[in-house]
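# structure, please.
(2 chains)
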Amino acid sequence: MRKTKDKNKKPTFITRMNILFFLVFLLFATIIFRLSFIQLVEGEKYSALAETYREKKIPKNAPRGLVKDANHTVLVNNKIVWTVTFHINEGQKQDYEEIASRLTEVLASPEEDKQKLKETILEDMDVGPVYKASKYIPRVIEAGVDINQKTRAYFEENHQQFPGVEVVPDQVRNYLYNDFMAQVIGYTRQIPDNEFSYYQAIGYKLGDRIGRYGLERKYEHSLRGTDGQDIVEVNSAYAKVQVKDTINPVAGNNLILTIDKRYQEAVEASLEKKVKEIQTSKTKEGENVKQAMAVVMNPKTGAILAMANYPRYDPNWFNAKKLPADLYTEKIMPFELNGVIRQPIAIGSTAKPLTVLMGLQEGVITPDTTIYDQGRILFDYRTDSEGNKVPLYLPNYGGKAHGKIDLKVALQKSSNVFMAEVALRLRDKYGTARKAIEVMRQYNQMFGLGVNTGIDLAKELPGNVNEEVPNFVQESIGQHDTFTVMQLAQYTSAVANNGYRMRPYLVDAIEEGTPSGVGGRILYKQEPEVLNKIEMPMEYFNAVKQGMFMVTQPGGTAYFTLNDLPIKVGAKTGTAQSGQYVKYNGKWVELDNSVLIGFAPYDDPEIAFAIAVPYGGGGSASGPIAKELIESYLEIYKGWQNPNKIPKEPTQTEETVTP
Amino acid sequence: MDFSKKHLKYLDYWMIAIIIFLAIFSYLGISSAKPESTYGTKQLIFYGLGFIVLIGVLVIDYEMISQYTYFFYGVGLVLLLGLFFFADVTKGIVGWYEVGGIKFQPAEVMKIITIVTLATYLQKREDRPFERFIDLYPIFLIIGAPLILILLQPDLGTGLVFIVIMFSIMLVYGVSLRHFAILFSIGAAGIFGLGLLYQFKQEVFFKIIEKYQWLRLTSFIDPTRDPLGTGYQLIQSLIAVGKGTIIGVGLGNGTQGRDNWVPEAHTDFIFSVLAEEFGFIGSSLLLLLFFLLIYRVVRIGIESKDRFGTYVSAGMVGMLVFTIFENIGMTISLMPITGIPLPFISYGGSALLTNFLSLGIILNIGMRRKTLMFE
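This is a model prediction of the structure:
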């Protein structure tokens, strides 16, 4: 018994040791099996996964195209603002609360409520559970827009403490001449939340700035470049290890305007000078005058030479971290819109050349027709409360009688009676007042009044058609429907250009953008475009233009303001009742819009213009502006020396440089 | 001292060769994980010290070690107990003494002492089988005392090593299947009880098991359950291993460890780094080395002149295989993530020296084996 046990003893423990070793083998086999599955079967999957975790795409914003004037003087370029962004990354340990707290510590200004700021930051970080934007795009932290060099360095040094936080260069617009041409050029802003999905669909990303107004908006597709990116390899703290690939951004294309900066500036200055002059005067207009507008265009091509508003604002304010509410409501909002293309005004007597042209074309008058102007004209009756017929008269301005006049004198003296006569004859021709005003509006539209002018700006308005009590007699003297200054300019231009209505344009050419800002080749050149040709005999245009010339001659309504010019000018003044009453010297008085249209030189027009000073009164407001804009045109475009201006003294520095 | 040329002749040179290859793997892995540090060089210095320890152990006859084992065992228990009074919390665990910047983990050495103690006890018991289950209590006592102290730290990973050591030695001693069945039943009942608690009384459950431990245990099954904690480590580790494919990305080209994606890349997760750089071929080679190492230990256990040597070998096999399986397993989503380093590969002086200590004891046993008849 003992012996057998001895015999069996040794194999037993060897067997048991071998069982143990067999278990070892099974465990190793399990590892090898699992390892082969991960490395050989799923290897590709994990390699791909590695790339998504390991690579970071750093967008490189493309510089937006420049805006240059006709002489290639840069008006708008870009500048870099450093902005804090946050990026949700599930491959990284991110404690959102903690990150927000740390950001608050760094970004809070001394007097700021930290708890409130932290909440705002958390909101900007957009960490869910419901995401405002896609989870995978960086968010802009508003409080971290335009941080200084010191703060930027702090983030660089302490990036481990801020997983997902990055300081990225953001390009903003730099409007070099501040409020110069502000409403026309417009501004850029970050895509509003409610429009983001639209812009995202056409390739924009969160935080991108888009043209929101003016040329910036209209030419968004040209100005916007194509963003590039750096694909960088990163470590677990998301710090850059090395750049793996770079796609360079493509700069946006540059706009070359039809505007000469010097001329636009001169026109803007004239407006400002006049408005301030009226504001300080002791007249009823006085402080009621707030603004002035003017457009100067080439009647042959439609090229805009000046489009001026006063007052203006500085679009650079829109680059600010947060636009202060009072700055916006006081300094921007009242003037944010481009009044030239959006603000309808009663145009008054400037409608008369059109009324005359219509009368001629409709055959109710001829160039030789004369009528007897008694100072007022009976145009209708009204029934008073006792059932009596009361006659309605339309008087001339100041009730002045001009006697026997033809159409030229009617324009020269701005006779309401003549115009009302034309309107009444038209009514007689068509039978009803309703029909008459419809015909008048057809003519308006031929010349661009009441329809869009087609200017290359966003958000143009066509003016207002007054449907309440259609009054064809008031319409004949510009006291019924209302139109914009841009429309007035186009209409004047069409008269000056013998019936060719041109499409007005501000962008003369689009030039290929380059990273350095030096212009590349011309991609697009604007050709003059005839919108429509008003078919009328040449003699009609000539007659009306002669009448407008006589306006600036002795006896004309603009003689005193426009006589002292070296070239012949055609014009028409307008003093339009605005319907706005103010108390002046204890009496309620109505304010008038001062309007003026014109073209020059009379023989071969190179410019057509329209000026409006709402509530500015009569010709004394817009007349001097017209004079100055003609003079500036001659000085800047024709090299004319204004004898009334003292030539600028050469400055001291220039003298010392001269040997 | 009983040391002669005969012993040198019986020294297992295969094992020494395997250790040298492991040293190369260790150096390459650490250098790739932390290229801008001196960890790689330091590890080589630790290897040098390890060989000195090895020689030191070889000089002493293992029978002497066996004689003093109860004394060492007592000292070990005191050290483990002292941790609760004198040690600071590192990584959520009270496991280390820190003296003059050198960290010392008593549990590491205690594993070896416990193996030797249990082997000594069973050697004395000779071959008397355990008749009743209750007769197994001395084994449970020897293993249980350090095990409880370690579980209280709490260090579940090292605790499991003790249980595996116990099973390995019991298996080789010849504990009957019936007793194993009872043990497994007790274990299963415990787990079932916890399962019921989890299902119906979670607040009690999380008083017994810490929340983070539970996440660790479960996140290896579904890493997305704890994507910022252990799930994150696991995802990154899987990416590293997977990226290696067949031949690996090449020495020094691995980015997972270098760029800090895989945490603890030079210690606990060094296998991920090696798998990324050397691919399936390289990792299989490493596994082969470990397998051969264990094979040599098994051989020594079988050829030992007494049963003490066999039991020690069995314990060592259990210890080695469990730590290797647990460490590599956690990098490839086979096992939950614990803080157990990979023997001979992970960076760390005290762990490496302990590895050399066990290696020394095994080589000692092998060196003093019986002369076999085919010699």
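# packing partners of the helix or strand harbouring residue A:307?
Assessed by DSSP states H and E, residue A:307 sits inside strand A:304-310. Judged by 3 or more CB pairs under 8 Å, 6 or more residues apart in numbering or on different chains; DSSP states H and E, strand A:304-310 is in contact with helix A:182-185, helix A:261-280, strand A:292-297, helix A:339-342. For the C-beta atoms, the positions are set from N, CA and C on the backbone; glycine is no exception.
# got a markdown table for those, with mean neighbour count too?
Formatted as a markdown table, those follow (neighbours: other CB atoms under 10 Å in any protein chain shown):
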| stretch | mean neighbour count |
| --- | --- |
| helix A:182-185 | 26 |
| helix A:261-280 | 19 |
| strand A:292-297 | 29 |
| helix A:339-342 | 23 |
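# between those, which one is closest to chain B.
Closest to chain B of those is helix A:182-185 (CB to the nearest CB; 46.9 Å).
# now the helix or strand that that closest one is followed by: buried residues?
As assigned by DSSP H and E, the chain's next helix or strand after helix A:182-185 is strand A:188-190. Under the neighbour-count criterion of 16 or more other CB atoms under 10 Å in any protein chain shown, strand A:188-190 has A:188-190 buried.
# how about CSV for the helices and strands packed on strand A:304-310, with mean pLDDT added?
CSV is the format used below for the helices and strands packed on strand A:304-310 (pLDDT from 0 to 100):
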stretch, mean pLDDT
helix A:182-185, 94
helix A:261-280, 95
strand A:292-297, 96
helix A:339-342, 94
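# and the residue of the stretch 51-200 of chain B nearest chain A?
Nearest to chain A, among the residues of the stretch 51-200 of chain B, is residue B:172, at 4.8 Å (CB to the nearest CB).
# that residue and residue B:311 touch, don't they?
Yes - using CB atoms under 8 Å, residue B:172 is in contact with residue B:311, at 6.3 Å.
# hmm, back to that, among the buried residues of strand A:188-190, which one sits closest to residue B:81?
Within the buried residues of strand A:188-190, the smallest distance to residue B:81 is 64.5 Å, found for residue A:190 (CB to CB).
# how close does that closest one get to residue B:220?
Using CB to CB, to the nearest Å, residue A:190 is found at 44 Å from residue B:220.
# in three-state terms, label residue A:109 for me.
Secondary structure for residue A:109, judged by DSSP: H, G, I helix; E, B strand; the rest coil, is coil.
# what's the burial count for it?
By the criterion of other CB atoms under 10 Å in any protein chain shown, residue A:109 has 7 neighbours.
# look up the closest residue to residue A:81, ignoring the ones flanking it.
Here the nearest residue to residue A:81 in space, its sequence neighbours aside, is residue A:146; by CB to CB, 6 or more residues apart in numbering or on different chains that works out to 4.5 Å.
# residue A:83 is in contact with that neighbour, correct?
Yes - Residue A:146 lies in contact with residue A:83 (CB under 8 Å); the separation is 7.0 Å.
# which one of the two has more residues nearby?
Using other CB under 10 Å as the criterion, residue A:146 and residue A:83 rank with residue A:83 on top: 23 against 15.
# could you find the closest non-adjacent residue to residue 142?
Defaulting to chain A. residue A:124 (5.5 Å).
# switch to chain B, that's the one I care about
In space, and not counting its chain neighbours, residue B:142 is closest to residue B:118: 5.1 Å by CB to CB, 6+ apart.
# check residue A:170 too.
Using CB to CB, 6+ apart, the nearest residue to residue A:170 is residue A:83, at 4.2 Å.
# what about the one you found, which SS state?
Following three-state DSSP, residue A:83 is assigned to strand.
# surely residue A:39 forms part of a helix?
Yes - Residue A:39: assigned to a helix according to three-state DSSP.
# tell me where the model's unsure across the chain.
Just so you know, I chose chain A. For chain A, the stretches with pLDDT under 70 are A:1-11, A:52-54, A:90-93, A:128-137, A:235-239, A:321-322, A:517, A:646-659.
# please refer instead to chain B.
B:1-4, B:90-93, B:212-213, B:215-217, B:223-230, B:370-375.
# quick one: the helices in it?
For chain B, applying DSSP state H gives helices covering B:5-10, B:13-33, B:39-59, B:62-86, B:106-125, B:137-151, B:156-173, B:177-200, B:202-208, B:211-219, B:230-244, B:270-303, B:307-331, B:349-367.
# can you name the residue of chain B nearest to chain A?
Closest to chain A within chain B is residue B:242: 2.5 Å, counting by CB to the nearest CB.
# wait, that residue touches residue A:41, no?
No - taking CB under 8 Å as the definition, residue B:242 is not a contact partner of residue A:41, at 9.3 Å.
# between those two, who's got more neighbours?
Legend: neighbour count by other CB under 10 Å for residue B:242 and residue A:41, higher for residue B:242 (27 against 11).
# check the gap between that one and residue B:257 for me.
Residue B:242 is 14 Å from residue B:257, where distance means CB to CB.
# nearest residue to the middle of the chain?
Going with chain A. For chain A, the residue nearest the mean C-alpha position is residue A:214 (1.5 Å; CA atoms, centre = their mean).
# you answered for a different chain; I wanted chain B.
Note: chain B centre (CA atoms, centre = their mean) maps to residue B:323, 3.9 Å.
# contact partners for that residue?
B:161, B:340-343 (CB atoms under 8 Å, 6 or more residues apart in numbering or on different chains).
# alpha carbons only: can I get stretch A:625-637 in PDB?
Extracted C-alpha coordinates of stretch A:625-637, given in PDB (Å, rounded to 0.1, in the frame of the first residue of the first chain):
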ATOM      1  CA  ILE A 625     -25.000 122.200 -51.300                       C
ATOM      2  CA  ALA A 626     -25.600 121.900 -55.100                       C
ATOM      3  CA  LYS A 627     -23.200 124.800 -55.800                       C
ATOM      4  CA  GLU A 628     -20.500 123.100 -53.700                       C
ATOM      5  CA  LEU A 629     -20.900 119.700 -55.200                       C
ATOM      6  CA  ILE A 630     -20.600 121.200 -58.700                       C
ATOM      7  CA  GLU A 631     -17.500 123.200 -57.700                       C
ATOM      8  CA  SER A 632     -16.000 120.100 -56.000                       C
ATOM      9  CA  TYR A 633     -16.700 118.100 -59.100                       C
ATOM     10  CA  LEU A 634     -14.900 120.700 -61.200                       C
ATOM     11  CA  GLU A 635     -12.000 120.900 -58.800                       C
ATOM     12  CA  ILE A 636     -11.500 117.200 -58.300                       C
ATOM     13  CA  TYR A 637     -12.300 115.800 -61.800                       C
END
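# please identify the buried residues of that stretch?
For stretch A:625-637, a neighbour-count test (16+ other CB under 10 Å) marks A:625-636 as buried.
# ok, those residues vs chain B, which is closest?
Set against chain B, the nearest of the buried residues of stretch A:625-637 by CB to the nearest CB is residue A:636 (62.4 Å).
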